[in-house]
Every structure is written in structure tokens, then in C-alpha cells.
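*Asks:* curious how this folds, go ahead:
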Amino acid sequence: MKGGFSAPGDYLYFKSQVPLHRIPIGSKHWRYYDFGPKVVPPLICLPGIAGTADVYYKQIMSLSMKGYRVISVDIPRVWNQQEWIQAFEKFLDAIDVHHIHLYGTSLGGFLAQLFAQHRPRRVRSLVLSNTFLETTSFSAAMPWSSIVGWTPSFLLKRYVLSGIRDGPHEPFIADSVDFVVAQVETLSKDDLASRLSISVDAASVGHLMLSDSLITIIDTNDYCATPQELKDQVTERYPGARQASLKSGGDFPFLSRPDEVNLHLQLHLRRVGVEARQDMVPGIRKDDSGGSSSGQNDKRGNTDDETPQDDKKDFGGGPTNSNEPPLLPEGSDSDHFENQTLSKSYLSSDDISGENMVRLMLPAVLENGIAILACEAILNAMREYAFLNLLRVYLSTLCVINLDV
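*Replies:* Modelled structure (predicted):
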């Protein structure tokens with residue numbers, strides 16, 4: 001991992017456009033992002049032990065611009081599976097969401113399956129990534145779990161980070177690791193202790209009423225903190241699920257391989273019947289990809305001004321500094337052209353030669369329709385001036401020679 005970390009530019013832009021919500025529900029404090037058309041059944045993203053709501057910012061940026069609603073949450077301080085199920089259900093009631101699609105990675109995928117098992121009427125589909133079915137192997141690897149609540153914060157962080165492979169990575173994987181490590185630093189001791197406790201709490205996923213056809217499994221084929229045998233158990237449990245294997249991506253493919261993950265999420269949502277409402281996305285261009293900038297800014301017109309205010313309110317996100325511009329930094333080709341023209345028109349003192357003077361005078365002369373004659377006159381004058389200067393130098397040289405003789 002790198003010694004220092006600077007937040008990516010797209011993440012900073014995301015933070016400037018998508019508001020972070022914080023609500024207390026009973027003794028639990030929820031921190032989450034909610035962005036996209038409110039009329040669309042949401043895709044709720046659940047992170048792993050080391051993740052926060054912020055780690056899914058690339059999914060929020062891309063899918064919301066395609067007309068989907070995405071909610072990304074922090075796992076609150078829950079200490080066992082029953083507490084998680086009850087707390088998450090109260091959270092859904094508080095934000096007035098009834099039917100959901102869950103996308104969980106690692107611990108988040110395990111919690112998503114538990115909720116689908118115990119609250120089958122609320123979960124319409126599942127997307128699982130690098131996850132597991134039971135916690136036996138994790139509890140065996142953590143014999144000190146009974147005192148996790150009294151463990152100092154720095155030891156908890158060290159334990160969590162020890163599960164992330166530290167070594168040579170491809171650049172995009174290294175960047176994803178750096179981002180998640182920075183998020184771990186924002187978690188409190190109680191946050192880490194509760195997540196570790198629920199990951200070793202004796203629990204396993206039972207039978208789901210959800211059809212396998214409504215489940216998609218996205219796994220990476222390279223190194224992952226979740227052992228391969230545990231991932232294999234998931235694929236064996238849901239033989240009819242759609243499977244997507246990523247050649248690489250590490251523990252955090254949603255950050256390291258966002259384009260591939262976003263494509264699989266979009267295909268999943270289409271397959272399970274979620275209708276995107278791109279017509280309700282304020283300020284979006286029809287050719288917008290949602291994750292990369294495109295040209296053709298002139299095709300935007302006044303889309304933001306023409307979007308009804310009711311649609312902007314229904315898009316989610318709450319008040320921002322602007323009227324929900326697209327989540328893409330944009331530049332102006334015309335401004336670039338003007339700056340380029342000005343920079344090219346600048347001349348230093350070394351550039352004021354005879355030929356450059358002719359070039360500068362040509363536009364004015366062309367307007368009068370006598371460009372050729374003027375150029376010839378100017379060039380002849382310059383030749384005569386140069387000839388006279390050379391003649392003067394030559395004559396002065398002769399005088400010096402005669403005096404020496």
C-alpha cells in the first residue's frame with residue numbers, strides 16, 4: 001500500500017454533488033447515500049467489514065445517471081444477526097422503502113442473504129460478490145472475539161487491514177486498496193468491533209424463498225480475502241444463479257473494475273424487471289455513459305432549465321449547491337479554442353522579425369484587397385533596408401583596411 005493517499009477527482013466531485021444522509025433510528029445511527037429517481041425500486045449496496053457507504057460511489061455515479069436509484073449504507077453498530085435484521089428493517093421503514101434489490105460484498109453479501117432469508121417479502125433480488133454462507137471459519141481464526149469490544153482501536157484496524165493483501169498490485173487494484181484503507185481510518189473502535197463481532201457470530205444462511213434466477217454472483221478470480229472454498233459454497237447453494245467471473249479486481253472490484261461491475265449490475269436489474277427512468281434524470285445527455293466524460297456538450301442545450309422541478313425533487317439526494325448537474329466534470333471546447341488562439345497570437349520580442357511583421361500586417365491588408373501588392377512592397381522595402389545595412393558595414397570595413405595599410 002502507498003504511504004500517502006489523495007482522494008480521486010471523481011470521488012471529490014461525487015461528494016460535491018451527492019449529499020450524505022445521517023439519521024438516528026432508535027439506538028442505531030445510519031449513514032447513507034440515496035441518489036436516483038425515487039419512483040424506481042432501489043438497489044441497496046452493503047459493504048464489507050472494511051467498507052463504508054462511500055466505497056460504492058462509482059456505482060452511484062454510473063447507475064443513477066442511467067435512471068436507477070442506488071442507496072449505499074454504512075453497516076451500523078449491530079452485534080449479531082438478529083439485531084442486524086431488525087435494525088435494517090427499521091431503516092427501510094424510516095426511508096419509506098418497501099421492496100428492495102440488495103448488492104452485498106463480503107460481509108455485506110452475507111448480511112444481504114440473512115435479510116432475504118428472514119424478510120423474503122421485501123427482497124426482490126440479490127447480487128452477491130466475494131461472499132460466504134457461514135461464519136465458522138472466521139470465528140475459528142479469531143479466538144479473541146469475546147474481548148473484541150475491549151480491544152484498542154489501532155489493534156482492530158490492524159486486524160482488519162491484515163486481511164487485505166499487501167504486495168505488488170496492478171495500479172487500479174492498488175488504488176482501490178488505498179481508497180478502502182483510507183475509509184477504515186474513518187471508522188471508530190465500536191464500528192470495527194461490531195462488524196468483527198457479527199462476522200464471527202455463529203450464524204449461517206438457511207434456505208431462501210428467492211428463486212435462483214433472481215440472484216447474480218460476481219466473483220473475482222484473483223486474490224480475495226474470502227477463501228475460494230467459501231465462495232464455491234455460494235455458487236453451489238444457488239446453481240441457477242447467473243454467474244459473472246472477473247479475471248481480476250481483488251477484494252474491491254466495485255472500485256478496481258467499476259465498468260464491468262456496473263455493467264453486470266445493470267444487466268441484473270434489467271433481468272429482474274427494474275425499469276430505469278432515465279427521463280427523470282436532470283441534466284443528463286442521451287449519449288452519457290455515466291462514468292466517463294464525453295464530448296458533444298453542445299447537444300445538452302438547456303436540459304437543466306427544461307427539467308421540471310418536481311422531477312428534480314423526485315430524483316433524490318436532497319438539496320445541493322446546483323440543480324442536480326450530471327455527475328461528470330465538463331469542460332468547454334470553445335473556451336479551450338479561445339485560449340489556444342490567444343496563446344498562439346502572443347509574440348515575444350524575438351518574434352518581431354521581418355517575416356513575422358509581414359504575417360501580422362497581412363490580415364489588415366487582405367481586408368483592403370491589395371494583399372499581393374502590399375506584400376511585395378513590404379518585402380522590397382525590407383530588402384533595400386537590409387542591402388543598405390550590409391553596404392554600410394562593407395564600406396566601413398574597407399575604411400578600416402585602408403587605414404591599416
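*Asks:* give me the pLDDT value at the residue positioned nearest the centre of the chain.
*Replies:* Nearest to the centroid of the C-alpha atoms of the chain, with distances taken as CA atoms, centre = their mean, sits residue 58, at 3.0 Å. Per-residue confidence (pLDDT) for residue 58: 97.
*Asks:* what of the one 10 residues further on?
*Replies:* What the model reports for residue 68 is a pLDDT of 97.
*Asks:* and it, how many neighbours does it have?
*Replies:* If you count neighbours by other CB atoms under 10 Å, residue 68 ends up with 29. For every residue, glycine as well, the C-beta is placed using N, CA and C.
*Asks:* before we move on, back to that, roughly how far does the residue nearest to the centre of the chain sit from residue 178?
*Replies:* In this structure, residue 58 and residue 178 are 15 Å apart, going by CB to CB, to the nearest Å.
*Asks:* do residue 147 as well
*Replies:* Computed with CB to CB, the distance linking residue 147 and residue 178 is 31 Å.
*Asks:* between the two, who's got more neighbours?
*Replies:* With other CB under 10 Å as the criterion, residue 147 and residue 178 differ in neighbour count, and residue 178 comes out ahead with 20 against 9.
*Asks:* how far away is that one from residue 252?
*Replies:* Using CB to CB, residue 178 is found at 10 Å from residue 252.
*Asks:* now residue 36
*Replies:* According to CB to CB, residue 36 stands 22 Å off from residue 252.
*Asks:* tell me if I'm right that residue 75 and residue 110 touch.
*Replies:* No. Contact status for residue 75 versus residue 110: not in contact, 10.9 Å apart, counting by CB atoms under 8 Å.
*Asks:* compare these two and say which one has the larger neighbour count.
*Replies:* For residue 75 against residue 110, the residue with the higher neighbour count under other CB under 10 Å is residue 110, and the figures read 30 against 25.
*Asks:* what's near enough to touch the more buried one?
*Replies:* For residue 110, the contact set (CB atoms under 8 Å, 6 or more residues apart in numbering) comprises 104, 131-133, 135, 199, 205.
*Asks:* next secondary structure after the helix or strand harbouring it?
*Replies:* Assessed by DSSP states H and E, residue 110 sits inside helix 107-118. Scanning forward in sequence from helix 107-118 by DSSP H and E, the next helix or strand is strand 123-129.
*Asks:* ok, back up a step: you'd agree the residue nearest to the centre of the chain is up against residue 253?
*Replies:* No. Because the distance of 10.5 Å does not satisfy CB under 8 Å, residue 58 is recorded as not touching residue 253.
*Asks:* shaky segments in the stretch 1-150 of the chain?
*Replies:* Applying pLDDT under 70 to the stretch 1-150 of the chain flags residues 1-5.
*Asks:* how about the strands of the chain, start to end?
*Replies:* 21-25, 28-35, 43-46, 70-73, 100-105, 123-129, 215-220, 242-246 (DSSP state E).
*Asks:* can I get those in TSV including distance to residue 155 and mean neighbour count?
*Replies:* Supplementary listing: the strands of the chain in TSV, determined by distance: least, CB to CB, whole Å; neighbours: other CB atoms under 10 Å:
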stretch	distance to residue 155	mean neighbour count
strand 21-25	27	13
strand 28-35	24	20
strand 43-46	25	28
strand 70-73	26	26
strand 100-105	24	26
strand 123-129	28	25
strand 215-220	28	23
strand 242-246	32	16
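*Asks:* let's have those in TSV, adding distance to residue 52.
*Replies:* Converted to TSV, these look like this (distance: least, CB to CB, whole Å):
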stretch	distance to residue 52
strand 21-25	13
strand 28-35	8
strand 43-46	11
strand 70-73	9
strand 100-105	12
strand 123-129	16
strand 215-220	20
strand 242-246	22
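*Asks:* closest one to residue 187 among those?
*Replies:* Shortest separation from residue 187 across the strands of the chain is recorded for strand 28-35, at 10.8 Å, computed as CB to CB.
*Asks:* ok, now which ones touch residue 255?
*Replies:* 55, 58, 175-176, 179-180.
*Asks:* swap that for residue 139, please
*Replies:* With contacts taken as CB under 8 Å, 6+ apart, residue 139 has the following neighbours: 145, 200-202.
*Asks:* between the residues you listed, which sits nearest residue 18?
*Replies:* When the contacts of residue 139 are compared against residue 18 (criterion: CB to CB), the nearest one is residue 201, at 32.4 Å.
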